[in-house]
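Asks: give me coordinates for this.
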Amino acid sequence: MSTASVTAVSISQRKGEKKLNLPSGELRAGHGLVGDAHAGDWHRQISLLAEESIARIRAKGLSVNAGDFAENLTTKGIELWRLPVGTRLRVGSAVRLEVTQIGKTCHQRCAIFHQVGDCVMPREGIFARVLTGGTVLPGDPVAIERSDDGEPTAPAHTG
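Replies: Numbering: from 1, shown residues only. The predicted structure is shown next:
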């Protein structure tokens, strides 16, 4: 059993494009990832996508990496798309997130779709509000802190 963790922190200055991987990122409560185009006072302050989702696209023969689907945090060891809206996550020792949306509707094919031939974000990406800010680094643990019914849950693991 391995603990879930962050594998990449990524940012872009414009929406709808691949993100650049950073050595760390600063999440601000009520805002999102500082310097990212998606940050702001709304329900999709930060986006997350599982490395396992990216691997399924790689299995189709596409050369894709963390940040290519415009996600801010890439994780491994947690099936993000299965988390209900309202789930609270702890990232590292300080950051707290609340899941606000699972997937999204893409009304038009974005630059990502055209560049990689598919976009997994509408199906398996999640969005969250930043409740407590702090620095996030690749390797930081990710734990489910509270499910949507308010009950505490165990840390996320893979089988």
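Asks: ok, residues contacting the lengthiest helix in the chain?
Replies: Counting by DSSP state H, the longest helix found in the chain is helix 51-58. Contacts of helix 51-58 with the rest of the structure, by C-beta atoms under 8 Å, 6 or more residues apart in numbering, involve 7, 64-66, 68-69, 74-76, 79-81, 116, 118, 120, 123-125. For the C-beta atoms, the positions are set from N, CA and C on the backbone; glycine is no exception.
Asks: Ser93: how many residues sit nearby?
Replies: The tally of other residues near Ser93 (other C-beta atoms under 10 Å) stands at 9.
Asks: can you give me the strands for this structure?
Replies: Remark: strands of the chain, listed N- to C-terminal, are 2-3, 5-11, 20-22, 25-28, 32-33, 46-50, 73-76, 88-91, 95-102, 126-132, 134-136, 142-146, 157-158; assignment by DSSP state E.
Asks: who does Glu26 form a beta bridge with?
Replies: When assigned by DSSP bridges, Glu26 has beta-bridge partners Thr135.
Asks: go ahead and confirm it touches Val130.
Replies: No - the pair Glu26 and Val130 does not pass the contact test of C-beta atoms under 8 Å, sitting 10.3 Å apart.
Asks: for the two, indicate the residue with more neighbours.
Replies: It is Val130, of Glu26 and Val130, that has more neighbours when counted by other C-beta under 10 Å, with 21 against 15.
Asks: show the pLDDT at the more buried one.
Replies: The confidence metric pLDDT takes the value 98 at Val130.
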